[in-house]
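Colleague: Structure, please.
(chains A and B)
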Amino acid sequence: MIVAGIDLGSATGKAVVMKNGEIAGAAVLSSTTNPHNTAELVLNQAIEKAGLSSINQIDNIISTGYGRLNISYAEDNLSEISCHAKGAHWMVPSIRTVIDVGGQDCKVISVSPKGTVLEFKMNDRCAAGTGRFFEAMARALCCGLDGISAMENQGDDPCPISNQCSVFAESEVVTLVNDGIKLEDIIAGINMSVASRLTSMSRRVGIVDEVALTGGCSKNLGLAAALEKKIKTKIVHLPYDPQIAGALGASLFAAERLELRLQNEKEAVNQ
Amino acid sequence: METNIESEAYQTFVEATQTLNNTELKNWKRDGGKVVGYFCSTVPEEVFTAAGLAPFRMRATGSTNTELSDACFSNINCSFPRHAMNLALEGEFDFLDGMVCLNSCDHVRRIYDNWIRNLDTHFVKVMSLPRKVEQPQIEWYDDEIKILIKDVEESFDVEITQEKLNDAIKLHNEVRELQKEVFRLRTVENPPLNGVEALNVIVAGTAIPKARYKVLLEQFLKDMEGVKGKGGHRVRVMIVGGELDDPEFINVIENEGALVVTDSTCFGTRLFWRPVSESYDDPVTALANYYIFDRPSCPRMTGDQERRMDFTLEMAKEFKVDGVIGERLLFCDQWSVEHYMNNNDLKKAGIPFLQIDREYILSGKGQLSTRVQAFIETLEGKGIKYEEVV
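Modeller: Prediction:
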């Protein structure tokens, strides 16, 4: 059985192809202004990596993410909340809390032992604490996203930075730069401010071990370290790219639905 | 927004909800009637009916920007008063003969200050609503209502007798009873009206002169008799929140598959679920008791959260809801902590809760849809229904 999940996010498109319950191919691409194109490009890459030649070889596809309604060949769509929970739980079944930091959203998801969503909290309608925020900060500091992430750049004395608004935080950072504050302390301050925002969201849901960090921003090592300090618990290392958790979850749902359909068909024949 | 309700009365409700100066109000004015606008559902609109005036609950329906009002508000003020004031400055409320404001919150009460400086409406007053819900506050509000009655009498040259007040209370209670009847149609598995339609019915009741609205409501209930039940929804939800008068917001939720079956909002059940007591000798005492204590309160009232939660649970049970959606206008301080408490209390009661922050004018539909879809998926067997099979 070959299935796929496509996660069309605000910043990147992700696709996962699974063969008989194992990840056969995965791809991550920057989103284009055309969601159809992004989906096609990223899915084709995943198909190629899985050693397949065509979308026709895939038995079922589920879509998720902001562009989830734009994929006509998907059987159905599900929210990225359900998909991230499912994907992260599949990677490490002992996970009970998923913190997903994407391009324009961040969310904390409480996960059941079965991998379903018990409760979730999402950021209000503001880009603070998301990938867009880090992009703006990297621009202001001319250090790139890698510069924000690198552990050697996490200063010992993080500057307090407003976690309210990306635009104002950017001006705040510009002021700090002009005041001659050490770059490392500003970077540590930026990561700390996002971590503290995620912590208060987590407190509304309640943090239950073990905790996973997913989404594009999970690659920010500085953020992960700051978050561990704030929530006072270790973040589990995921055995696969945490950015594909949503697409992986979607492909797992695609497999479940297909199995159910086949089972129902079999029962109908037997009757 | 599609509907399968074939009813002229319903079309009138839709028109009244989508506009401010609606046809029924225009007819009322054409016949020499006067209209008094009021902010907040704690203003005793029975007083206006008793004075022969049509009460009109203020909204900002149709507003598209806040260019004019942002000069007198700030951008961390709630979007509702900013849009409402903007419409006022554009002349959209020129049909009003009076406007009564209340210190319902620190954002809305500033409308009074801005109104008296910028507009020359014939009658503009502000009432003072106390914070607690005990006997001294009932007496305080009793005084406030008496002051309002005197002001209305003087400004409109009318006499508001006890008899007229009793008649107004009776009429408003009859309307409340009919509204309850409409809402009770939604307790069944496939209700004949959805959340969008129910909101249209209730908002119209705050914009059409009461006696006329009562006739339309009776007609509407008759028209509802043969209407087919709505199917196809995945879950039943209740909305808890404040100033929600926009059917489009409900429409986004219902399009995702969550049928809105009841609410605790101030354009919803809190307006009509409890009647004004008709057993007091003095109708003003009855009104004071009603607006301070008898009806479900708004979170601006201190020390009353427990009773508010009891009311939410009562509604959730009667209407068999799967989950509760808490809505809050951005920057609303009353509802922010209230929803935190709602979340915790509902969790204890085993009812999942989703909080949505919104702007007065619907925006960010994609983000709203995502949250609602995820909530529905959470409600459906706490995951996905077919999971047990696999």
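
Colleague: Show me the helices in the chain, by range?
Modeller: As the question left the chain open, I've gone with chain A. Taking DSSP state H to define them, one finds helices in chain A at A:35-49, A:80-91, A:131-141, A:144-149, A:166-178, A:183-205, A:221-231, A:245-270.

Colleague: my bad, chain B
Modeller: Under DSSP H, chain B gives helices at B:8-18, B:23-30, B:46-50, B:79-89, B:109-118, B:135-156, B:162-184, B:195-204, B:210-223, B:247-255, B:283-289, B:305-318, B:333-348, B:365-379.

Colleague: who wins for proximity to chain A among those?
Modeller: Proximity to chain A (CB to the nearest CB) singles out helix B:365-379 among these, at 3.7 Å. For glycine as for every other residue, the C-beta is placed from the backbone atoms N, C-alpha and C.

Colleague: in the closest one, what counts as buried?
Modeller: Residues of helix B:365-379 classed as buried by neighbour count (16 or more other CB atoms under 10 Å in any protein chain shown): B:367-379.

Colleague: Stretch A:34-48 now?
Modeller: Quick answer for stretch A:34-48 (16+ other CB under 10 Å): A:P35, A:T38, A:A39, A:E40, A:L41, A:V42, A:L43, A:N44, A:Q45, A:A46, A:I47.

Colleague: what's the answer for stretch A:160-175, then?
Modeller: A:I161, A:N163, A:S166, A:A169, A:E170, A:E172, A:V173.

Colleague: again with stretch B:102-115
Modeller: Applying a neighbour-count criterion of 16+ other CB under 10 Å, one finds B:L102, B:N103, B:S104, B:C105, B:H107, B:V108, B:R109, B:R110, B:I111, B:Y112, B:N114, B:W115 buried in stretch B:102-115.

Colleague: Ok, stretch A:142-155 next?
Modeller: Using 16+ other CB under 10 Å as the burial criterion, the residues of stretch A:142-155 that qualify are A:C143, A:L145, A:G147, A:I148, A:S149, A:A150, A:N153, A:Q154, A:G155.

Colleague: In JSON lines: those, plus distance to chain B and pLDDT.
Modeller: JSON lines is the format used below for these (distance: CB to the nearest CB, whole Å; pLDDT from 0 to 100):
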{"residue": "A:C143", "distance to chain B": "30", "pLDDT": "92"}
{"residue": "A:L145", "distance to chain B": "24", "pLDDT": "92"}
{"residue": "A:G147", "distance to chain B": "30", "pLDDT": "93"}
{"residue": "A:I148", "distance to chain B": "25", "pLDDT": "93"}
{"residue": "A:S149", "distance to chain B": "27", "pLDDT": "94"}
{"residue": "A:A150", "distance to chain B": "32", "pLDDT": "93"}
{"residue": "A:N153", "distance to chain B": "32", "pLDDT": "94"}
{"residue": "A:Q154", "distance to chain B": "31", "pLDDT": "95"}
{"residue": "A:G155", "distance to chain B": "32", "pLDDT": "94"}
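
Colleague: quick revisit: need the winner for burial among the helices of chain B.
Modeller: Here the criterion is mean neighbour count by mean count of other CB atoms under 10 Å in any protein chain shown, and of those the winner is helix B:46-50, at a mean of 27.

Colleague: sorry, back to before: could the helices of chain B go into CSV alongside distance to chain A?
Modeller: Converted to CSV, those look like this (distance: least, CB to the nearest CB, whole Å):
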stretch, distance to chain A
helix B:8-18, 25
helix B:23-30, 34
helix B:46-50, 37
helix B:79-89, 12
helix B:109-118, 23
helix B:135-156, 32
helix B:162-184, 29
helix B:195-204, 21
helix B:210-223, 35
helix B:247-255, 11
helix B:283-289, 37
helix B:305-318, 17
helix B:333-348, 7
helix B:365-379, 4
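
Colleague: Look up how far A:V98 lies from the closest residue to chain B within the stretch 51-200 of chain A.
Modeller: Taking CB to the nearest CB, chain B has its nearest neighbour within the stretch 51-200 of chain A at A:T116, 2.7 Å off. Counting by CB to CB, to the nearest Å, the gap from A:T116 to A:V98 is 12 Å.

Colleague: re earlier: pretty sure the residue of the stretch 51-200 of chain A closest to chain B sits against A:I81.
Modeller: No - at 10.6 Å, A:T116 and A:I81 do not qualify as touching, with contact defined as CB atoms under 8 Å.

Colleague: shared neighbours of these two, which are they?
Modeller: Common contact partners of A:T116 and A:I81 (CB atoms under 8 Å, 6 or more residues apart in numbering or on different chains): B:T378.

Colleague: more crowded one of the two?
Modeller: Set A:T116 next to A:I81 and count neighbours by other CB atoms under 10 Å in any protein chain shown: A:I81 wins out with 29 against 19.

Colleague: What confidence value was assigned to residue 17?
Modeller: Here I'm looking at chain A. Looking at A:V17, its pLDDT stands at 98.

Colleague: if you could check chain B rather than the one you did, that'd help
Modeller: Taking B:T17 on its own, its pLDDT is 98.

Colleague: Can you tell me which of the helices of chain A is most buried?
Modeller: Ranked by mean neighbour count, these are led by helix A:80-91 with a mean of 29 (mean count of other CB under 10 Å).

Colleague: and that helix, C-alpha only, in PDB?
Modeller: Only the C-alpha atoms of helix A:80-91 are listed here, as PDB (Å, rounded to 0.1, in the frame of the first residue of the first chain):
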ATOM      1  CA  GLU A  80      -2.500  20.500  10.600                       C
ATOM      2  CA  ILE A  81      -3.200  20.200  14.300                       C
ATOM      3  CA  SER A  82      -4.500  16.600  14.000                       C
ATOM      4  CA  CYS A  83      -1.700  15.800  11.500                       C
ATOM      5  CA  HIS A  84       1.200  17.100  13.600                       C
ATOM      6  CA  ALA A  85      -0.100  15.200  16.600                       C
ATOM      7  CA  LYS A  86      -0.400  12.000  14.500                       C
ATOM      8  CA  GLY A  87       3.000  12.400  12.800                       C
ATOM      9  CA  ALA A  88       5.000  13.200  15.900                       C
ATOM     10  CA  HIS A  89       3.300  10.400  17.800                       C
ATOM     11  CA  TRP A  90       4.200   7.900  15.100                       C
ATOM     12  CA  MET A  91       7.800   9.000  15.300                       C
END
